[in-house]
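**Student:** mind folding the following:
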Amino acid sequence: MSFPGLSPEEEISFEQLSPTQQRAYHEAIPTDATMAVAIAKAALSPDTIVPTELQAIPTMTDPTSAATGSFIQIDSIHGASGTVTIYQQPDKQPATAL
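**Tutor:** The predicted structure follows:
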């Protein structure tokens, strides 16, 4: 099942997605075709690796954990994995750690 707006290389990757994922991308086209193509292209692109030196949590003084949670798969094309913690600093400013 081809997808409009993809390069031949992206089409090959798209064909390797599950039928459920392919169908979900196709179902997005009538709502916003430009967005559907952009989301499909983003999903098919290589992961972006953030250099270790840019992953550091900013220095916080006496932060309090306000909330924690886990990323989940919410449907066949929207999801992530990992955890998140939202901290509140003494000055009430929030900080997020992924």
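**Student:** wait, E11 sits on F3?
**Tutor:** Yes - taking Cβ atoms under 8 Å as the definition, E11 is a contact partner of F3 at 6.9 Å. Bear in mind the C-beta positions are built from the backbone N, C-alpha and C, glycine included.
**Student:** of those two, who's got more company?
**Tutor:** Neighbours were counted for E11 and for F3 using other Cβ atoms under 10 Å; F3 has more, 19 against 16.
**Student:** check the spacing between I12 and V37 real quick.
**Tutor:** 16 Å (Cβ to Cβ, to the nearest Å).
**Student:** which of these two has more neighbours?
**Tutor:** Neighbours were counted for I12 and for V37 using other Cβ under 10 Å; V37 has more, 18 against 11.
**Student:** what's the spacing between the residue nearest to the spatial centre of the chain and T59?
**Tutor:** Closest residue to the average C-alpha location of the chain: A80 at 5.7 Å, with Cα atoms, centre = their mean. According to Cβ to Cβ, A80 stands 26 Å off from T59.
**Student:** and V50, by the same measure?
**Tutor:** V50 is 19 Å from T59, by Cβ to Cβ.
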